[in-house]
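Trainee: coordinates for the following, if possible.
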Amino acid sequence: MPSTSIQYAADLNNVKEVTLHGTADLSFWESVLHKENLSPYHEAGKAVLLLSAIDAKWRGFKFREFVIAVGVCLNENQTSLDGYYLPHAFNSSRLLAFSERVFFQTPYVQGDIQLVSRLPASIKLRNRTKVLLHAEMFTPNTSPTVEYLEWQGPIFLPNNGGKFFAILSGEAEIYPFSPVTDSFEIEPSGRHPIFQQLIESNFACSVWSLRSSSRHAKSKTYKRDFE
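Mentor: The predicted structure follows:
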């Protein structure tokens, strides 16, 4: 779909963002995405995932989000990152999570999300009384790579559902994830199978990306074209 024809239902600025980029077993996500008529994008024989938390404001309403996304490729040789598959997401607002499910058909549920987008960065996700994910950076002793990053493209929904289009942009501070000093813990949950999938696919963090003021825009949900 040409970018000029996309109407964005929400276009947020000054978004604080903490993202963990990582990799996982390619064969595992090939099996999962095959059922969704999608193919995972891969680098060096590994599937590429991101776990991202944001702190934002929409029409004066403050909220936080946490999403888990798997990179997908739409060409046969799987050499380009053409979009993301969104198996699960959380919103700190019960009302906004409900609105996402009803009006956009996106897989949001309510959760307690905490993030720190300055050093030392951290993400904590709690659902009810259980901490599902906790990641924390040890203050690095090296300067970050600072780069303006922008990504535009489709985000595909589970169960062969629809897709929406997103813009994610802004100046980012990029730090390598240190398995020696940084921490990353996830807990399996019967209510949220995605965390067991991360464990079974041997997800490993590789890079932190911090943004103090980014842009996040999303369109309405469109039907998928399976031709």
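Trainee: do I have it right that residue 214 meets residue 11?
Mentor: No: taking contacts as CB atoms under 8 Å, residue 214 lies outside contact range of residue 11: 11.9 Å. All C-beta atoms are positioned from the backbone trio N, CA, C, and that covers glycine.
Trainee: so these two - more neighbours on which side?
Mentor: residue 214 (25 against 12; other CB atoms under 10 Å).
Trainee: residues contacting that one?
Mentor: By CB atoms under 8 Å, 6 or more residues apart in numbering, residue 214 lies in contact with 13-17, 54, 168-172.
Trainee: now do the contacts for residue 41.
Mentor: Applying CB under 8 Å, 6+ apart to residue 41 gives the contacts 47-48, 71-73, 78, 80-82.
Trainee: among those, find the lowest-pLDDT one for me.
Mentor: Of all the contacts of residue 41, residue 78 carries the smallest pLDDT score, 65.
Trainee: filter the contacts of residue 214 down to the buried ones.
Mentor: Taking 16 or more other CB atoms under 10 Å as the criterion, what is buried in these is 15-17, 54, 168-170, 172.
Trainee: can you put the residues you listed in a markdown table and add distance to residue 34?
Mentor: Shown next, in a markdown table, are the buried ones among the contacts of residue 214 (distance: CB to CB, whole Å):
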| residue | distance to residue 34 |
| --- | --- |
| 15 | 33 |
| 16 | 36 |
| 17 | 31 |
| 54 | 30 |
| 168 | 26 |
| 169 | 31 |
| 170 | 34 |
| 172 | 32 |
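Trainee: can you name the two of the residues you listed that are farthest apart?
Mentor: Greatest spacing in these, by CB to CB: 16 and 169 (14.1 Å).
Trainee: where do the strands sit along the chain?
Mentor: Remark: strands assigned in the chain by DSSP state E are 8-25, 39-40, 42-43, 46-58, 61-73, 83-91, 108-110, 112-116, 122-127, 130-136, 145-156, 163-176, 183-186, 204-219.
Trainee: the first one packs against which elements?
Mentor: If you count contacts as 3 or more CB pairs under 8 Å, 6 or more residues apart in numbering; DSSP states H and E, strand 8-25 packs onto strand 46-58, strand 112-116, strand 122-127, strand 163-176, strand 204-219.
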